[in-house]
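In: with the input below, show me the fold.
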Amino acid sequence: SSTKTASSYGLGSSSDGTNSKSAAGSTCTGLTTQPADTGYGDYIEIANLQPSIGTAGTISTSNRLCGAIFDANPTASTAQATACTFATPFKIGVHFDEGESLVATAAATPDLNKGENVASTGLETNEGYGYSGFYMAYWMNSC
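Out: Okay, the predicted model is just below:
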């Protein structure tokens, strides 16, 4: 077996039960329930979040990111992606709730969408642990 390194991003559960995927928008409810039922209590919030570099006129209603993979696309993905915003001033918000949702193992049952902290011996490509938090590198372009 090969050893994989955890991503620098991981906030909550996957949006899919069997595969580690990104989660965005209304999936990131701000609520974690236990026993392992939902793990979407932790998220970051960026106004007018875009899934890719677009134009200043594009309006987005999706502002929240959670899940095991960083991607602002409303369609859940298994690949990390750059996100963009044209909102000024640039602000990032962080929401951590008081709960943690634990799942014994990812392999035994397809519960990646229920546990923030899956006790798994192996990571999938691009996956971060749900308790990893995040490391944000950002830059500004002139308009």
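
In: what's the weakest-modelled helix or strand in the protein?
Out: The helix or strand of the chain with the lowest confidence, counting by mean pLDDT, DSSP states H and E, is strand 117-118 at a mean of 62.

In: heading C-terminal from that one, find the next helix or strand.
Out: Where DSSP states H and E defines the elements, the next helix or strand beyond strand 117-118 is strand 133-134.

In: neighbouring strands for that next one, and are they parallel or not?
Out: Sheet pairing for strand 133-134, assigned by DSSP bridges, gives strand 9-10 (antiparallel).

In: packing partners for the helix or strand just after the partner strand?
Out: Downstream of strand 9-10, the first helix or strand assigned by DSSP H and E is strand 22-24. Here strand 22-24 is seen to pack against strand 64-67 when contacts are counted using 3 or more C-beta pairs under 8 Å, 6 or more residues apart in numbering; DSSP states H and E. In this view, the C-beta of every residue, glycine as well, is placed from N, C-alpha and C.

In: residues in contact with the strand it packs on: which ones?
Out: Here strand 64-67 makes contact (C-beta atoms under 8 Å, 6 or more residues apart in numbering) with 11-15, 20-28, 40, 42-46, 49, 71-72, 76, 83.

In: one more pass at 6 Å, please.
Out: 11-12, 14-15, 22-24, 28, 40, 43-45 (C-beta atoms under 6 Å, 6 or more residues apart in numbering).

In: next SSE after that strand?
Out: The C-terminal neighbour of strand 64-67 among helices and strands, as given by DSSP H and E, is strand 92-95.

In: mind giving me the packing neighbours of that following strand?
Out: On a contact count with 3 or more C-beta pairs under 6 Å, 6 or more residues apart in numbering; DSSP states H and E, strand 92-95 meets strand 43-46.

In: hmm, 10 Å instead?
Out: Strand 92-95 is packed against strand 43-46, strand 64-67, strand 133-134, with contacts defined by 3 or more C-beta pairs under 10 Å, 6 or more residues apart in numbering; DSSP states H and E.

In: of all those, which one is nearest residue 90?
Out: strand 43-46 (8.0 Å; C-beta to C-beta).
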